[in-house]
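Novice: Fold the following.
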Amino acid sequence: MAYYNQQPQPGGYNGIPPNVLAWFQSVDRDRSGNITADELRQALTNNDWSHFSLGTCIKMVSMFDRDFSGTMDLNEFNALWNYIQSWRNTFNCYDRDRSGFISVNELHAVFAQLGFNVSPHFINSSAMYRYDVNRCGQLNFESFISCCILLQALTGQFKQRDTQMRGQAQINYEDFMMVAVSNLK
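Specialist: All right, here's what the predicted structure looks like:
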C-alpha cells in the first residue's frame, strides 16, 4: 500500500494520528494494508501482558469491519483505536488500585458512565457470569471489552426496534433468535 512508503505528516496520514499509523504498520505483519483478527491478537495485551483471545479480536474486527472483508483497513483500525483508548481510560478510572481488574461492585458505575442502563441483577447474573472467567468477582481488561462489545451490539439492535425511544420494543421469536445468534460470537 502507498501509505507505507510515505512519512507521517504532523497531522498524520489522511487525518490518522501518527501513533495510530505506526501501530497499524507494526500490527500489519504481512504488509497487506489490512489487519486480521490474529494480527490484532498479537498486538493487544491485558495488564498482566497476556494476549487477548482470538475470539475477542474477532469480535472487535467484526464490530469495525465496515466493508465486511473480515479484516480492518487503516480507517477501520483508527475507529477501533479510538474505542480501545476510551475503554482503557474508563477501565483505568475504575481500576483505582491498578490491579488490572474491575470489581463487580464497580461495574454498575462503569456501565452507567458508558451509557448502558443495566441493573445490578443483570451485572451479577449475566455479565459477571459470562465474562468473569476466573470466578473471582472481577473483570480483566479483555473481559471488560468483550462485555462492552456485547452490550453495545445488543443496545444498538434494541434501539432499532424501539422506534419510539420508550425503552420498550416488541420482538417476535424469529427476530429474537436472529439477535441472539448474531451475538454468540
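Novice: Which positions within the one helix or strand in the chain whose mean pLDDT sits lowest qualify as buried?
Specialist: Within the chain, no helix or strand scores below helix 173-182, which has a mean of 81 by mean pLDDT, DSSP states H and E. For helix 173-182, burial by neighbour count (16 or more other Cβ atoms under 10 Å) applies to Val179. (C-beta placed from N, C-alpha, C; glycine too.)
Novice: got the CA coordinates for stretch 98-106 in CSV?
Specialist: Extracted C-alpha coordinates of stretch 98-106, given in CSV (Å, rounded to 0.1, in the frame of the first residue of the first chain):
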residue,chain,number,x,y,z
ARG,A,98,-4.2,-0.7,39.3
SER,A,99,-4.7,-4.4,39.9
GLY,A,100,-5.8,-4.9,36.3
PHE,A,101,-9.3,-5.7,37.3
ILE,A,102,-12.7,-4.0,37.8
SER,A,103,-14.8,-5.5,40.6
VAL,A,104,-18.4,-6.4,40.3
ASN,A,105,-19.2,-3.6,42.7
GLU,A,106,-17.6,-1.0,40.3
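Novice: Let me see the ranges of the strands in this protein.
Specialist: Along the chain, counting by DSSP state E, strands occupy 102-103, 138-139.
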